[in-house]
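Enquirer: the following block contains a protein sequence and its predicted model.
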Amino acid sequence: MPTSDQSNTENPVQQDWLHHWQPLWQQMQHEKMLNQRGQVLHYSCFRLPNATTAIVISAGRIEMAVKYSAVIFELVQAGYSVYILDHLGQGASARELSNPHKGHIGTFDHYSDDWQFFMQQVVIPSQHQRYLALCHSMGSAIFANYLLRYPQHPFAAAVLCSPMFGIYSGPIPFAAALPVIRALRWINRQLSAQSWYLPGQGNYRPDPFPANRLTNCPQQYQWLLSLYQAEPTLQLGGVTLDWLLAADQVMQRLATTGHSIELPLLVLQAGADRVVDNKAQQRFVAQRPELRELKVLTGAKHELLLEQASIRKQTMHAILQFFAHYRTVQE
């Protein structure tokens with residue numbers, strides 16, 4: 001479990017971890033289970049006595065449960081039980097390739113099927129009256145795909161933070177690179193049984209703060225890096241060719257069939273995002289404007305829940321306000 005770092009003791013975020021988030025983290029239940037394909041999945045949960053509503057977190061790429069310790073603390077303070085699953089291939093869950101740094105998946109259906117299994121085996125047996133979802137980036141695509149695959153789900157509503165419904169590619173359209181990526185994967189499969197990294201990506205190596213695309217807050221970024229330093233087994237590097245093509249497949253599915261999702265959704269968009277495509281989020285919301293609300297956090301980078309205090313405060317306020325309505329609304 002991550003511990004304090006002497007060099008971070010003057011970081012106010014690190015102090016919050018030591019005095020507030022970590023004590024709750026240590027009280028939480030941390031367990032492992034086998035999915036239907038026999039792979040180890042790690043999850044963490046806090047069952048708040050007398051809570052009638054549980055929030056289930058679907059994390060983004062490279063993320064692990066402990067990264068959400070601040071969010072979990074705030075949700076518990078607001079009266080919710082909280083459950084979070086480490087997606088396959090990251091966190092403390094099983095890695096699919098011999099190189100554990102490779103972010104790899106053959107199909108996003110595996111992620112969504114794992115989520116369904118987690119719900120059936122762990123979350124629903126807790127017998128809360130209501131279930132809500134909080135999703136970030138890749139976790140939003142996983143959850144939306146889950147909604148398509150399992151329409152008889154138990155959720156009443158969800159918040160999607162910086163959802164990955166498209167990938168930011170700068171001035172070159174993402175679609176223009178796909179033929180090259182497919183050709184590289186074909187060559188990869190002729191030469192190796194192991195999926196290659198996408199060109200330009202490799203094993204875990206943190207960016208210096210000025211070059212990071214995640215947050216404007218140096219204290220949050222420093223704390224995040226300290227978690228990976230404390231637990232190197234949680235580290236994850238870049239994505240494989242297979243992961244990227246699987247991501248494209250699910251994003252295309254959501255673009256063409258996402259209108260069939262009936263769940264009320266709040267989409268929180270990072271105005272300065274350079275990881276995912278904000279226009280794809282706007283198109284997703286426009287599919288069902290009567291059920292989907294878009295809120296833009298101006299100036300925010302991708303990690304809304306790790307942003308500077310003013311942006312993070314707006315983010316958590318929007319999340320808690322949205323959830324407060326759906327924890328009380330009658331079916």
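Expert: All right, it came through fine.
Enquirer: C-alpha from now on. contacts and neighbour counts both.
Expert: Will do.
Enquirer: using the three-state scheme, assign V13.
Expert: helix (DSSP: H, G, I helix; E, B strand; the rest coil).
Enquirer: quick one, what contacts it?
Expert: Q219, Q220, W223 (CA atoms under 8 Å, 6 or more residues apart in numbering).
Enquirer: just the element for the second one, please.
Expert: Element membership of Q220 [criterion: DSSP states H and E] is helix 218-230.
Enquirer: avg pLDDT for that helix?
Expert: The average pLDDT within helix 218-230 is 97.
Enquirer: how about stretch 261-277?
Expert: 98.
Enquirer: first-to-last residue distance for that stretch?
Expert: 20 Å (CA to CA, to the nearest Å).
Enquirer: re earlier: just how off-centre is the helix holding Q220 within its chain?
Expert: 17 Å (CA atoms, centre = their mean, to the nearest Å).
Enquirer: residues in contact with the longest helix belonging to the chain?
Expert: In the chain, taking DSSP state H as the definition, the longest helix is helix 309-328. With contact meaning CA under 8 Å, 6+ apart, helix 309-328 is reached by 53, 75, 78, 130, 132, 156-159, 217, 266, 268, 297, 300, 304-306.
Enquirer: got the angle for it vs helix 218-230?
Expert: For helix 309-328 against helix 218-230, the angle by axes from the mean of the first three to the mean of the last three CA atoms, to 10 degrees is 80 degrees.
Enquirer: in helix 309-328, what counts as buried?
Expert: For helix 309-328, a neighbour-count test (16 or more other CA atoms under 10 Å) marks I311, R312, T315, M316, A318, I319, F322, F323, Y326, R327 as buried.
Enquirer: and the fifth one, how far is that from S192?
Expert: Just to be clear, that refers to A318. Taking CA to CA, one finds A318 at 47 Å from S192.
Enquirer: what of the last one?
Expert: Taking CA to CA as the criterion, R327 is separated from S192 by 50 Å.
Enquirer: got it, and S98?
Expert: Separation of S98 from S192 (CA to CA) stands at 13 Å.
Enquirer: re earlier: buried ones among the contacts of helix 309-328?
Expert: Buried, going by 16+ other CA under 10 Å: 53, 75, 130, 132, 156-159, 217, 266, 268, 297, 300, 304-306, out of those.
Enquirer: inside helices: which ones of the residues you listed?
Expert: Checked against DSSP H, those include these in helices: L75.
Enquirer: closest one of the buried ones among the contacts of helix 309-328 to L227?
Expert: L306 (13.4 Å; CA to CA).
Enquirer: give me the pLDDT for that closest one.
Expert: 98.
Enquirer: ok, V329 next?
Expert: 52.
Enquirer: helices along the stretch 151-300 of the chain, start to end?
Expert: Remark: helices assigned in the stretch 151-300 of the chain by DSSP state H, counting those that start in this stretch are 174-191, 218-230, 241-257, 278-287.
Enquirer: ok, the nearest residue to R292 once chain neighbours are set aside - how many residues close by?
Expert: Using CA to CA, 6 or more residues apart in numbering and skipping residues adjacent in sequence, the residue nearest R292 is L265, 4.8 Å away. By other CA atoms under 10 Å, 22 other residues sit near L265.
Enquirer: which strand residues bridge I55?
Expert: V82, L132 (DSSP bridges).
Enquirer: now do the same contact list for it.
Expert: I55 touches Y80, S81, V82, Y83, Y131, L132, A133, L134, counting by CA under 8 Å, 6+ apart.
Enquirer: test my guess that the fourth one contacts T53.
Expert: No: the pair Y83 / T53 is not scored as a contact, 11.1 Å apart, by CA atoms under 8 Å.
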